[in-house]
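Q: From the sequence below, what's the structure:
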Amino acid sequence: DKNKSHVAANKILRAHRHLDMRPLFGRELGLLPYVVAWLEHFAKSRPDLKLSSIFEFVRAMPMKVTDGVVGKAKGEKRKLNS
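A: Here you go, the predicted model:
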């Protein structure tokens, strides 16, 4: 079964220079960790594919990404000195 998974993944990666992430956007950022893990496991020789896939998620949902990062920050807000 493990070998079949590698064969299938290799076929996908050879056939597609770019993976369309749009069908996964309905689950918002919930699937992003799985996408990254899959690419880490099967596409080690394709860092461009990993980066472009992550970029598609960020580009489609920029506020969800920034809210997730900024919303978890602790401490006081900085004030600008004028």
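
Q: Stretch 11-22 spans what distance, first to last residue?
A: Its first and final residues considered, stretch 11-22 spans 20 Å by Cα to Cα, to the nearest Å.

Q: Touching it from outside, list them.
A: 35, 42-43, 46, 49, 52-53, 56-57, 60 (Cβ atoms under 8 Å, 6 or more residues apart in numbering). Every C-beta, even on glycine, is put in place using the N, C-alpha and C of the backbone.

Q: again, 10 Å this time
A: For stretch 11-22, the external contacting residues (Cβ atoms under 10 Å, 6 or more residues apart in numbering) are 31-32, 35, 38-39, 42-43, 45-46, 48-50, 52-57, 59-60.

Q: any idea where the helices of this structure begin and end?
A: Secondary structure of the chain by DSSP state H: the helices cover 2-15, 32-42, 47-60, 62-70.

Q: Would you enumerate the residues in contact with the nearest residue to Lys50 once chain neighbours are set aside?
A: Distance criterion Cβ to Cβ, 6 or more residues apart in numbering; nearest residue to Lys50, sequence neighbours excluded, is Leu39 at 4.3 Å. By Cβ under 10 Å, 6+ apart, Leu39 lies in contact with 9, 13, 19, 46-47, 49-54.

Q: Mark which of those residues are buried, thanks.
A: Buried residues within these, counting neighbours by 16 or more other Cβ atoms under 10 Å: 13, 19, 49-50, 53-54.

Q: Nearest to Ser5 among these?
A: Nearest to Ser5 among these, counting by Cβ to Cβ, is Leu13 at 12.4 Å.
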